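Colleague: sequence and computational prediction follow.
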Amino acid sequence: MDAVMPQECETAQAALGPRCDQTPQWAQLRAYFERQGRQLDLREAFASDPQRFAHFSQQAPEVFADLSKNLWDRGSERLLLDMARACGLQRHRDALLTGQAVNITEQRAALHTLLRRPRGLALPGDEPWVAGALKEVHQTLDAMLAFAESVRADAQITDIVNIGIGGSDLGPQMAVVALEPYRVLGKRFHFVSNIDGHELDRVLRNVRPEHTLFIVASKTFTTLETMTNARSARAWFDAQGGQDVARHFVALTSNVAAARDWGVTTTFGFADWVGGRYSLWSSIGLSIAIAIGDAGFRALLAGAHAMDEYFRTAPLEHNLPVRLALLDVWYRNFHGFGSRCIAPYHANLRRLPAHLQQLEMESNGKRVDHHGRALPYATSPALWGEPGSNGQHAFFQLLHQGPDVLPLEFVAVREGMHALAGHHQMLLANALAQARALMQGRHSDCGHRHFPGNRPSTFLLLDALTPASLGALVALQEHRVFCSGSLWGINSFDQWGVELGKQMALDLLPRLQSGDVAGLDASTAGLLQRMR
Ligand SMILES: O=P(O)(O)OC[C@H]1O[C@H](O)[C@H](O)[C@@H](O)[C@@H]1O
């Protein structure tokens, strides 16, 4: 595919620097890794550098981060920083934040940070259209929050059903679950995403039309799963004698015309420069706004904005999203680690791994650079995880004693928000113990009792899980993903990889009825015949 590129594949290149492997630092990093990176021992590193924790830990808005238990040292960090500078990371960051068309395959900006920018705030270098777009953002936000407040005050509405998938589901769901203690009383929240009717059916069996608000959340308003679920919800509503569709169905979309055609009169829009996985800050966040109200939603945005400003202004060497991304590149391309485990030590963050999976893997699961050329190195790790302490009793065995090294990312919260004695301290002690045990290990002459140790982890610590700290935490992860994608020279803002399967599903659907297997491979044909 490298030799002759069809014209429609040509993408205008944003003002970017060289790809990471085209910088002089790439070869230096390779040599450094062979010389002293590969065999770095964390226990020795701490013993020989009393300042290691101070150097590799830092406070960012709302998030304290300890990166010291990772398999790197000041030398590798310095080279990685130099590489980032040589790649033009700062320029690319500024292009992102000021509305340049960084999503070059779709020729548009990725300006989710505008959704959390305070009214009227201009950044140096803003594209000319940005000031107008910010006005519209605030108009929609005000209208969406006023609507959310009216729903909160409406005692008749007891159930909110968000119908959406991918970014129109994961972010809102993660936040509504995370902010449970801040939620309005007397309302239940349901998230229906799967095309599998079992999911919608379970919800419909537990709600009444007159007490339910259905939110149809879809940027494109064409997604098969969402439109199918929305149609079924609407049919159920009518069949149950539901009255006043306008009051019980609302749409969140950038395709407002399609939503109107579908029959929804209340719609809240957002622009096409908001990617699905970055859309929880837009009207897609309506379920969050109903849950935590105007003040709560604005605090969520403010927390994210604080992280945006910090990302924009902090020097690279103290810039947490940048440092996390440097580590991600170091791990993926030099150590060769293929995955990252997310371990939120907070039950309310149980949907965080799912949200981060889409954020990281849909953004950076790419194999070509900005010119469509195949990359000679790996990109996004596979993300996975479960809340601690549950994970300890399931897969931590592999983390401690398996033959592979899998970096772990702890997310812990200093203050609990319940009155049950002792639990929160035990939870924190477990998080600390796991990070320490993974690093320290424990020698035994008896093979199965031996813990090799030297297993890396990052530790993120919030003071409390609030709308603001959640906003900052998620924005931190967004920027980290942007930075690693930037170094890898890929477009983190498209997702062409999800298209092929969608098209094939449309082809196979009628074949399941007709039994026509012409042109199919033998396996698909055989399975299809069994399914009929
Ligand atoms: O919001 P929608 O247009 O319905 O899209 C929902 C989701 O489906 C797509 O296939 C993409 O993979 C996701 O990035 C997107 O968030």
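Modeller: Happy to help now that I have it. As the structure is a computational prediction, the values presented were derived from the model and not from experiment. Numbering: from 1, shown residues only.

Colleague: the ligand contacts on this structure?
Modeller: 165-168, 218-220, 223, 226, 276-277, 362, 495, 498 (C-beta under 6 Å from any ligand atom). For glycine as for every other residue, the C-beta is placed from the backbone atoms N, C-alpha and C.

Colleague: of those residues, buried ones?
Modeller: 165, 166, 167, 168, 218, 219, 223, 226, 276, 277, 362, 495 (16 or more other C-beta atoms under 10 Å).

Colleague: check what pLDDT the second one gets.
Modeller: I take that to be residue 166. Note for residue 166: predicted pLDDT of 98.

Colleague: quick one: pLDDT of the nearest residue to it once chain neighbours are set aside?
Modeller: Distance criterion C-beta to C-beta, 6 or more residues apart in numbering; nearest residue to residue 166, sequence neighbours excluded, is residue 276 at 5.3 Å. For residue 276, the model assigns a pLDDT of 98.

Colleague: over to residue 2?
Modeller: For residue 2, the predicted pLDDT is 39.

Colleague: who's in contact with the residue of the stretch 401-532 of the chain found nearest the ligand?
Modeller: When scored by C-beta to the nearest ligand atom, the stretch 401-532 of the chain has residue 498 as its residue closest to the ligand, at 4.0 Å. Counting by C-beta atoms under 8 Å, 6 or more residues apart in numbering, residue 498 touches residue 362.

Colleague: residues contacting the residue nearest to residue 166?
Modeller: 166, 167, 168, 219, 495.

Colleague: 7 Å instead?
Modeller: Going by C-beta atoms under 7 Å, 6 or more residues apart in numbering, residue 276 touches 166, 167, 168, 219.

Colleague: I figured the third one hits residue 221, correct?
Modeller: No - the pair residue 168 and residue 221 does not pass the contact test of C-beta atoms under 7 Å, sitting 10.0 Å apart.

Colleague: circling back to that earlier point, okay, the contacts of residue 276 in JSON lines with secondary structure next?
Modeller: What follows is the contacts of residue 276, written out as JSON lines (DSSP: H, G, I helix; E, B strand; the rest coil):
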{"residue": "166", "secondary structure": "helix"}
{"residue": "167", "secondary structure": "helix"}
{"residue": "168", "secondary structure": "helix"}
{"residue": "219", "secondary structure": "coil"}
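
Colleague: pick out the most distant pair among those residues.
Modeller: For these, the maximum inter-member distance is 9.0 Å, found between 166 and 219 (C-beta to C-beta).

Colleague: hang on, residue 191 is in a strand, isn't it?
Modeller: Yes - Residue 191 sits within a strand when classified using three-state DSSP.

Colleague: which residues are in contact with it?
Modeller: 162, 169, 173 are the contacts of residue 191 under C-beta under 7 Å, 6+ apart.

Colleague: what's the nearest residue to it if we skip its chain neighbours?
Modeller: residue 173 (4.4 Å).

Colleague: now the helix or strand that neighbour falls within: mean pLDDT?
Modeller: Per DSSP states H and E: residue 173 is located in helix 170-178. Helix 170-178 shows an average pLDDT of 98 in the prediction.

Colleague: and if you look at stretch 199-210?
Modeller: 98.

Colleague: that stretch: end-to-end distance?
Modeller: Terminal residues of stretch 199-210 lie 20 Å apart, using C-alpha to C-alpha, to the nearest Å.

Colleague: show me where pLDDT drops low in the protein?
Modeller: Low-confidence regions of the chain, defined by pLDDT under 70, span residues 1-15.

Colleague: secondary structure of residue 412: a helix, I assume?
Modeller: No - counting by three-state DSSP, residue 412 falls outside a helix, being strand.

Colleague: related to what we said a few turns ago, for the contacts of residue 276, which one is nearest residue 54?
Modeller: residue 167 (38.0 Å).

Colleague: which non-adjacent residue is nearest the closest one?
Modeller: Nearest to residue 167 is residue 276, by C-beta to C-beta, 6+ apart, at 2.9 Å.

Colleague: one more: residue 516?
Modeller: Nearest non-adjacent residue to residue 516, counting by C-beta to C-beta, 6+ apart: residue 510, 7.7 Å away.

Colleague: now do the phi/psi pair for the one you found.
Modeller: The phi and psi torsions at residue 510 (degrees, to the nearest 10) take the values phi -70, psi -30.

Colleague: and what of the one 3 residues further on?
Modeller: Reported as degrees, to the nearest 10, the phi and psi values for residue 513 are phi -80, psi -50.

Colleague: ok, now how distant is it from residue 528?
Modeller: 11 Å (C-beta to C-beta, to the nearest Å).

Colleague: again with residue 474
Modeller: 41 Å.

Colleague: neighbour-wise, which of these two wins?
Modeller: A direct count of neighbours by other C-beta atoms under 10 Å for residue 474 and residue 528 places residue 474 higher, at 25 against 16.

Colleague: assign the residue lying closest to residue 317 once chain neighbours are set aside to helix, strand or coil.
Modeller: Distances taken as C-beta to C-beta, 6+ apart place residue 81 nearest to residue 317, at 5.8 Å, with adjacent residues excluded. What three-state DSSP gives for residue 81 is helix.

Colleague: thought residue 252 was touching residue 285?
Modeller: No - Residue 252 is beyond contact range of residue 285, at 8.5 Å (criterion: C-beta under 7 Å).

Colleague: related to what we said a few turns ago, how many neighbouring residues does the residue nearest to residue 191 have?
Modeller: What residue 173 shows, counting by other C-beta under 10 Å, is a neighbour count of 22.

Colleague: now it: how far from residue 282?
Modeller: Residue 173 is 15 Å from residue 282, by C-beta to C-beta.

Colleague: walk me through the domains of this structure.
Modeller: 7-99+314-494, 112-293, 497-531 (automatic domain parsing).

Colleague: out of these, which is closest to residue 302?
Modeller: domain 7-99+314-494 (5.9 Å).

Colleague: how far does that closest one sit from its chain's centre?
Modeller: 14 Å (C-alpha atoms, centre = their mean, to the nearest Å).

Colleague: look up the closest residue to residue 347, ignoring the ones flanking it.
Modeller: Nearest one to residue 347, counting by C-beta to C-beta, 6+ apart, is residue 387 at 5.7 Å.

Colleague: same question, residue 409
Modeller: residue 458 (4.7 Å).

Colleague: show me where the stretch 101-250 of the chain has helices.
Modeller: Taking DSSP state H, counting those that start in this stretch, the helices of the stretch 101-250 of the chain run over residues 130-153, 170-178, 197-204, 224-239, 245-248.

Colleague: hmm, who's touching the first one?
Modeller: Contacts with helix 130-153, where a contact means C-beta under 7 Å, 6+ apart, come from 98-99, 114-115, 117, 119, 122, 157, 184, 213, 268-271, 283, 286, 289-290, 293-294, 297.
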